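> This is a predicted model, with the sequence first.
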Amino acid sequence: MRLIFSRNIALAALVLILLTACAPQAATPTVDIVGTTAAQLAVVMLTQTAGAVTATPIPPTETPTPAFTDTPSGPPTDRPQAKPAALIAQTGCWTGPGDTYTLISNIELNARGRKNVIILGMGTEPGWVVIRNPYFNNPCWVRIENMDIDPNMDMSQFPPMTPGP
């Protein structure tokens, strides 16, 4: 009886092996790389916490204490505000001092007989001033006799200018 029982077990084992060998195999699922990466990134972003920004303290600096003197200072000198320089005669605006240079433009006066201009420098040629051309915004030379310059204007603030070739 043992022999029959062991044959039945052996036969049953053989049938089981044959049935499992012939059975369809389960397909290995393909990995969705894009979906997996997106899920991993979402998990990382949802579980991270932003660290609070800590302010870096500014290191203390030594501020020198001003020394006080007992010497009285004189009264403040208030220099009167100078009027802007103006042309008072219709004149040519040249690339240098004189009509041997190129004429850039003629400067017209307004209804009050003036045209305010900005002085850029004093010409090294006597009697000439370099101004900013009010029409083209470039430097040009005009005769000082055609200008009204306030006597309170500090003319030493303007550099001497030499004409080009």
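Okay, I see it.

> Past the least confident helix or strand in the chain by mean pLDDT, which element shows up next along the chain?
The helix or strand of the chain with the poorest confidence is helix 2-22; it has a mean of 67 (mean pLDDT, DSSP states H and E). Moving toward the C-terminus from helix 2-22, the next helix or strand (DSSP states H and E) is helix 33-47.

> Sheet partners, orientation included, of the helix or strand just after that following helix?
The helix or strand immediately downstream of helix 33-47 is strand 86-87, counting by DSSP H and E. For strand 86-87, the paired strands and their directions (DSSP bridges) read strand 115-116 (antiparallel), strand 147-148 (antiparallel).

> among those strands, which is nearest Pro126?
strand 147-148 (14.1 Å; Cβ to Cβ). C-betas here are computed from N, CA, C, even on glycine.

> Any idea which of the strands paired with strand 86-87 gets closest to Ala10?
When those are compared by Cβ to Cβ, strand 115-116 sits nearest Ala10, at 121.8 Å.
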